[in-house]
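Participant: could you work out the structure for the sequence below:
(one chain, ligands or ions: 1)
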Amino acid sequence: MIEVLPQLQVARLDLLQLFGRNAPLHVDLGCGDGSFLCQMAQQFPKRNFLGIERLTKRVEKVRFKAEKIENVRVLRADTLFAVRYLLPECSVENFHLLFPDPWPKRRHQFRRIFTRHFLDAVAAALQQHGVLCVTTDQLDYFHQIERLSGAHQQFQVVPQLSDDTVLPVTNFERKFREQGAPIYRLTLRKTSPVK
Ligand SMILES: C[S@@+](CC[C@H](N)C(=O)[O-])C[C@H]1O[C@@H](n2cnc3c(N)ncnc32)[C@H](O)[C@@H]1O
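Facilitator: Below is the predicted model of the structure:
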């Protein structure tokens, strides 16, 4: 035998144990320093908030910010891995994907997080009628997101949610607004339980 395959067993998160209660779960994918996550958690204390972020330094910032907020947890992990393997099926009420890394150069675009496989994983983790909110400043990425979303059988594009109007502004959104850059948003609702 030349190739060795590791036998990894990954357990899905026990959300009741993690948060100490049952409550609607909202997940911020690539949560950065956790500003949006923590403001949301304070604004909606009856919901549980999980941030997923792969950079250790940013995770440390979230930990610092969330120290005194009871309904926030942060997971240092890759977004696709976490959504696909760590979140229980049908457990999430709302995903936020806010200003995902844009990878504007054509040769880097394969690194973009938003793919059909990402949507498959999000659909599996979302509750029926759960929602994925996406925001970007990159027009070509937005068109790609629209195309992939329109072609996916488990999602329907819906108008922005009514409580979007009071959502906190993320650090990146503030930066882009100051530069006068346009911001593109899409809200997808899971419509079908089966693939
Ligand atoms: C452009 S920043 C946006 C941060 C935040 N959402 C905001 O709007 O202020 C993108 C964030 O996603 C994180 N990120 C990028 N790819 C990721 C991945 N595959 N898994 C987890 N985090 C990721 C980056 O480290 C970074 O913190």
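Participant: CA atoms only: put the lowest-mean-pLDDT helix or strand in the chain into PDB for me.
Facilitator: Ranking every helix and strand in the chain by mean pLDDT, DSSP states H and E puts helix 171-178 at the bottom, with a mean of 89. Provided in PDB are the C-alpha atoms of helix 171-178 (Å, rounded to 0.1, in the frame of the first residue of the first chain):
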ATOM      1  CA  ASN A 171     -16.700  46.600   8.900                       C
ATOM      2  CA  PHE A 172     -16.300  45.900   5.200                       C
ATOM      3  CA  GLU A 173     -19.600  47.400   4.400                       C
ATOM      4  CA  ARG A 174     -18.600  50.600   6.200                       C
ATOM      5  CA  LYS A 175     -15.400  50.700   4.300                       C
ATOM      6  CA  PHE A 176     -17.100  50.300   0.900                       C
ATOM      7  CA  ARG A 177     -19.800  52.800   1.800                       C
ATOM      8  CA  GLU A 178     -17.200  55.400   2.600                       C
END
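Participant: got the buried residues for that helix?
Facilitator: The neighbour-count check on helix 171-178 (16 or more other CB atoms under 10 Å) flags 172-173, 176 as buried. The C-beta positions use only the backbone N, C-alpha and C, and glycine is treated the same way.
Participant: against the ligand, how distant is V169?
Facilitator: 9 Å (CB to the nearest ligand atom, to the nearest Å).
Participant: can you confirm that residue is in a strand?
Facilitator: No: judged by DSSP: H, G, I helix; E, B strand; the rest coil, V169 forms no part of a strand; its state is coil.
Participant: ok, the nearest residue to it once chain neighbours are set aside to R106 distance?
Facilitator: In space, and not counting its chain neighbours, V169 is closest to R177: 7.2 Å by CB to CB, 6 or more residues apart in numbering. To R106, R177 is 27 Å away according to CB to CB, to the nearest Å.
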